[in-house]
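Student: Below: sequence and its predicted model.
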Amino acid sequence: MEKILEKIIHDNRDLINKGHVADYIPALSKVNPNYIGLSIADIDGNIYNVGDCNVKFTIQSISKIIALMLALIDNGEDFLFTKVGYEPTDEPFNTLYKLDFNKNKPANPMINSGAIVTTSLIKGSKEEKFSRLIELIRFITENPDINYNEEVYLSEKSTGHKNRAMAYLMKSKGLLNGDVEDILDTYFKQCSIEVTAADLAKIGLFVARRCPMNIDSKIGNERMASIITAIMTTCGMYDFSGQYAATVGIPSKSGVGGGILGLIPSKLGIGVFSPALDKFGNSIAGYGIMKDLSRELNLNIF
Ligand code: DON
């Protein structure tokens, strides 16, 4: 297995030169673009790590999955989806286009506007929301050392004006309860949590195992896993989700830190890390790796 994975990494390394690390969050522009790592954790307990699997990077939009879990646990499906939609978009992840039209809610929980709503629906003060988010990630990954990157958090907080604009617009439309700056603060901080490709594979495996956890919840674990997997498939790679589904066929979620989390229900979780991005904000080598992985291991769910 490791040999196959090493070859996949080798075959896709050159793609790094065709992408660029995210620089709209200034602290992210300092990341070394040459990292590349792939981790797989399967249901039988096997873990395969190749390349830079233990290098930390910020989780960014992949945190939207964890926020969605907590918002579903706290509110249940019916209420949550009165505030955010189930539908994919053909617009970039940071769009606020259409938010001011008649549509009364963001299209889905994976674009920034929808994710800000999701985070706002996690119960607790801003400190409690964040601590529940990070504790859930530590629990799922069995990695108590997971923490957030203060520099990336502050960098995004001081430059995230477009997220701020969409949050205030949503507040004016009655979509956000609570203090807008507090909600944004939690959102920026959750995006700056640091993980490794190996951690992402474990999060993927957790959802593949149908979210086994024993907590007081307004949604069943199985139903939560089903919703998350469906929304990853239709919305997880933003306005590239359709082509990604057709060419890779693995439910996935990307982040501008260069991570991609993938999963095959009841089988395995995948974590990829390579920080150079394509024009959609997805890891450029990561996409190549997922395509090859899908073909080599026959993982396409469609
Ligand atoms: O809100 C932002 O712009 C970032 N913190 C997260 C965006 C992101 O990861 C989009 N992913 N491809």
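Tutor: Received it, and whenever you're ready, just let me know what you need. Numbers count the residues shown, from 1 in each chain.
Student: Give me the residues contacting the helix or strand hosting L184.
Tutor: Following DSSP states H and E, the helix or strand that holds L184 is helix 180-191. Residues outside helix 180-191 that contact it (CB atoms under 8 Å, 6 or more residues apart in numbering) are 58-61, 63, 66-67, 115-116, 119-120, 122, 125-126, 129-130, 133-134, 148, 152-153, 156-157, 160, 163-164, 167-168, 171, 176, 255. Just so you know, the C-beta spots here come from the backbone N, C-alpha and C atoms, and that holds for glycine as well.
Student: Just the buried ones from the residues you listed?
Tutor: 58-61, 63, 66-67, 115-116, 119-120, 122, 126, 129-130, 133-134, 148, 152-153, 156-157, 160, 163-164, 167, 171, 176, 255 (16 or more other CB atoms under 10 Å).
Student: Can you flag which of these belong to strands?
Tutor: The members of the buried ones among the contacts of helix 180-191 that map onto strands under DSSP state E are T58.
Student: of the buried ones among the contacts of helix 180-191, list those near the ligand.
Tutor: For the ligand, the contacts drawn from the buried ones among the contacts of helix 180-191 by CB under 6 Å from any ligand atom are Q60, S61, E156, N163, G255.
Student: List the buried residues in the helix holding L184.
Tutor: For helix 180-191, the neighbour count (16+ other CB under 10 Å) marks V180, I183, L184, D185, T186, Y187, F188, K189, Q190, C191 as buried.
Student: Spell out which residues of the stretch 1-150 of the chain are next to the ligand.
Tutor: Q60, S61, F93, N94, N112.
Student: Report the two of those residues separated the most.
Tutor: Spanning the widest gap among those are Q60 and N94, at 11.6 Å by CB to CB.
Student: so, in contact with the ligand or not, the helix holding L184?
Tutor: Yes - if you take CB under 6 Å from any ligand atom as the test, helix 180-191 does meet the ligand, through C191.
Student: Next, count neighbours for P144.
Tutor: 9 (other CB atoms under 10 Å).
Student: Then D199?
Tutor: 31.
Student: With pLDDT as extra columns, can I get the residues of the stretch 1-150 of the chain next to the ligand in a markdown table?
Tutor: As requested, these are exported to a markdown table (pLDDT from 0 to 100):
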| residue | pLDDT |
| --- | --- |
| Q60 | 98 |
| S61 | 98 |
| F93 | 86 |
| N94 | 86 |
| N112 | 96 |
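Student: which among the residues you listed gets closest to R210?
Tutor: Among these, S61 lies closest to R210 (CB to CB), at 22.8 Å.
Student: Help me confirm that the closest one comes into contact with S252.
Tutor: No - using CB atoms under 8 Å, S61 makes no contact with S252, being 11.4 Å away.
Student: rewinding a little: narrow the ones next to the ligand among the buried ones among the contacts of helix 180-191 to those in helices?
Tutor: In helices, judged by DSSP state H, the following of those are found: E156, N163.
Student: which of the ones next to the ligand among the buried ones among the contacts of helix 180-191 lies closest to E77?
Tutor: The closest of those, once distances to E77 are taken by CB to CB, is S61, at 21.3 Å.
Student: E6 versus the closest one, what's the distance?
Tutor: Relative to E6, S61 is positioned 28 Å away (CB to CB, to the nearest Å).
Student: One more: E87?
Tutor: Applying CB to CB to E87 and E6 gives a distance of 39 Å.
Student: picking up where we left off before, what is the nearest of the buried residues of helix 180-191 to T247?
Tutor: Proximity of the buried residues of helix 180-191 to T247 (CB to CB) peaks at C191, which lies at 26.8 Å.
Student: Now find how far off-centre stretch 252-269 is within its chain.
Tutor: 8 Å (CA atoms, centre = their mean, to the nearest Å).
Student: May I have the phi/psi pair for the closest residue in space to L28 that isn't next to it in sequence?
Tutor: Excluding the flanking residues, the one nearest L28 by CB to CB, 6 or more residues apart in numbering is A22, at 4.4 Å. Torsion angles at A22 (phi, psi; degrees, to the nearest 10) stand at phi -60, psi 130.
Student: how many other residues sit next to A22?
Tutor: Quick note: A22 (other CB under 10 Å) scores 21 neighbours.
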